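Chemist: Generate coordinates for the sequence data below:
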Amino acid sequence: MRFLLLEDSYQDYFTALHGLDASLEIVGGNDPEKVAGVAAECQIWLGQPDLVAKLLDQGLKPSWVQSTWAGIRPLLASGLTQDYVLTRAVGVFGQLMSEYVLGYLLAHERCLLERARKQADRLWEACTPGSLAGRRVLIVGAGDIGQDVARFLAPFGVELYGIARSPRALPGFLDVHGLEDLSREASKANYLINLLPDTSHTRDLYTLDLFKQLKPSALFVNAGRGTAVVDADLVTALEQKYLAGAVLDVFREEPLPKTHAFWSAPGLIITSHTAAVSSPPYIARLFLENLSRYRNGEALKGQVDFKQGY
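Modeler: Predicted structure coming up:
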């Protein structure tokens, strides 16, 4: 059985897959127009959602698509068929995302960016560092990645709370509340970490009213989706010092326009959607595991519920 590989990094994925199983029959490339003919002959596709969506838009329909991304928003566009099995990348971003979050939390506590600015100005001024021990961290989006982040942060002595679609008990968290409690729980947090996917229920959550509830010393980190934040409201909140700073990895429009207010907003760090990039070796292993499950009629990891949007 041959399958379609459709990826901007086609050669990297091809090499990773063949390194794990040289018997795989792989066809495809990085141009949807050029691979449409062979795609029609393949029931299984592995690829990035924006490129796969272009094939679906042509009326082609696979039996199963394994996304190379955690997010699958392009495949939820109106008019595209949903009559196939879709799985997203899961279980492969936890450590990368955890290192990203931990890095900026430590940088905030240890005044790293402030120290760099003072050094550039040749200023010998003390910035008394803090510690993560005892800090209250609210992870909004306590799914598989959120739980991995919680496990990485636990050894630093933080108090871990979560927000999920509905309240539940999860290992490592002192409590996990429903989305309706976001504002109340955010007001208690030293660190507010957004890892939510993009759905109709998660857009425009972070408004000026919510930012006003935060502690002035709080740091907001968004590595989920840019649509969760009302951009102008965050800029105003930073200007008015309703929070100490923000770290943004995702945005409503990418690349972020050069004229966007985020570039000059005080206390805001931009990381250009690099918090946890897809790694061909990791995705290849996930695909082969799901391929085995698919052939055996078993449940697939990361299967998407189109009605929920993730």
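Chemist: Identify the residues contacting the residue nearest the centre of the chain.
Modeler: In the chain, the residue lying closest to the centroid (CA atoms, centre = their mean) is G224, at 4.1 Å. The contact partners of G224, by CB atoms under 8 Å, 6 or more residues apart in numbering, come to V140, G141, N194, L195, L196, P197, D198, T202, V250. C-betas here are computed from N, CA, C, even on glycine.
Chemist: With D8 instead?
Modeler: Residues near D8 by CB under 8 Å, 6+ apart: N30, Q48, L51.
Chemist: Wait, the first one touches L51, no?
Modeler: Yes. Contact between N30 and L51 holds when scored by CB atoms under 8 Å: they sit 7.3 Å apart.
Chemist: between these two, what contacts are shared?
Modeler: Both N30 and L51 are in contact with L6, E7, D8, where contact means CB under 8 Å, 6+ apart.
Chemist: Between those, which sits nearest A228?
Modeler: Using CB to CB, D8 is the member of the shared contacts of N30 and L51 that lies nearest A228, at 25.4 Å.
Chemist: Please enumerate the strands of this protein.
Modeler: For the chain, the strands defined by DSSP state E occupy 2-6, 25-29, 44-47, 64-67, 85-87, 136-140, 159-164, 175-178, 191-194, 219-222, 245-248, 268-270.
Chemist: Quick check: can you name the pairing partners of the second one and their directions?
Modeler: Translated: strand 25-29. The pairing partners recorded for strand 25-29 under DSSP bridges are strand 2-6 (parallel).
Chemist: any residues touching the strand it pairs with, and which ones?
Modeler: The list of residues contacting strand 2-6 from outside it, by CB under 8 Å, 6+ apart, reads 13-14, 17, 24-30, 32, 35, 38-39, 41-48, 51-52, 55, 62.
Chemist: And for stretch 115-134?
Modeler: Stretch 115-134 has contacts (CB under 8 Å, 6+ apart) with L105, L106, E109, R110, C111, E114, L153, F156, G157, V158, E159.
Chemist: One more pass at 6 Å, please.
Modeler: Applying CB atoms under 6 Å, 6 or more residues apart in numbering, the external contacts of stretch 115-134 come out as E109, R110, C111, E114, F156, G157, V158.
Chemist: And L205, what's its pLDDT?
Modeler: pLDDT recorded at L205 is 98.
Chemist: State the distance from it to L182.
Modeler: Using CB to CB, to the nearest Å, L205 is found at 6 Å from L182.
Chemist: Just flag the most distant two among the contacts of stretch 115-134.
Modeler: Maximum distance among those (CB to CB): 23.1 Å, for E114 and G157.
Chemist: Contacts only, for Y310.
Modeler: With CB under 6 Å, 6+ apart, Y310 has these contacts: P197.
Chemist: got the phi/psi numbers for the closest residue to E109 other than its chain neighbours?
Modeler: Once flanking residues are discounted, E109 sits nearest to G130: 4.3 Å by CB to CB, 6 or more residues apart in numbering. Phi and psi for G130, reported as degrees, to the nearest 10, are phi -100, psi -160.
Chemist: mind checking how far G130 is from N222?
Modeler: 22 Å.
Chemist: Ok, W45 next?
Modeler: Remark: distance between W45 and N222 (CB to CB) = 30 Å.
Chemist: now V101
Modeler: 11 Å.
Chemist: who's more crowded, those two?
Modeler: Counted by other CB atoms under 10 Å, V101 and N222 do not tie: V101 has more neighbours, with 28 against 24.
Chemist: just checking, the more buried one touches V149?
Modeler: Yes. Between V101 and V149 there is a contact at 5.4 Å, judged by CB atoms under 6 Å.
Chemist: Let me see the confidence value for the residue of the chain positioned farthest from its centre.
Modeler: When distances are taken from the C-alpha mean of the chain, W124 lies farthest, 38.2 Å away, according to CA atoms, centre = their mean. You'll see W124 listed with a pLDDT of 95.
Chemist: swap in Q308?
Modeler: Reported pLDDT for Q308: 89.
Chemist: Within its local environment, how many residues does it see?
Modeler: When neighbours are defined as other CB under 10 Å, Q308 has 11 of them.
Chemist: how much space is there between it and T202?
Modeler: According to CB to CB, Q308 stands 11 Å off from T202.
Chemist: Report the set of residues contacting both of those two.
Modeler: By CB under 6 Å, 6+ apart, no residue touches both Q308 and T202.
Chemist: Send over the helix or strand bottoming out on mean pLDDT in the chain as PDB, restricted to the C-alpha atoms.
Modeler: Here the helix or strand of the chain ranked lowest by mean pLDDT, DSSP states H and E is helix 112-120, holding a mean of 93. Output of helix 112-120 as PDB, limited to C-alpha atoms (Å, rounded to 0.1, in the frame of the first residue of the first chain):
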ATOM      1  CA  LEU A 112      17.000  38.100  32.100                       C
ATOM      2  CA  LEU A 113      15.700  40.600  29.500                       C
ATOM      3  CA  GLU A 114      15.900  43.500  31.900                       C
ATOM      4  CA  ARG A 115      19.500  42.600  32.700                       C
ATOM      5  CA  ALA A 116      20.400  42.400  29.000                       C
ATOM      6  CA  ARG A 117      19.000  45.900  28.500                       C
ATOM      7  CA  LYS A 118      20.900  47.300  31.500                       C
ATOM      8  CA  GLN A 119      24.100  45.700  30.200                       C
ATOM      9  CA  ALA A 120      23.600  47.300  26.800                       C
END
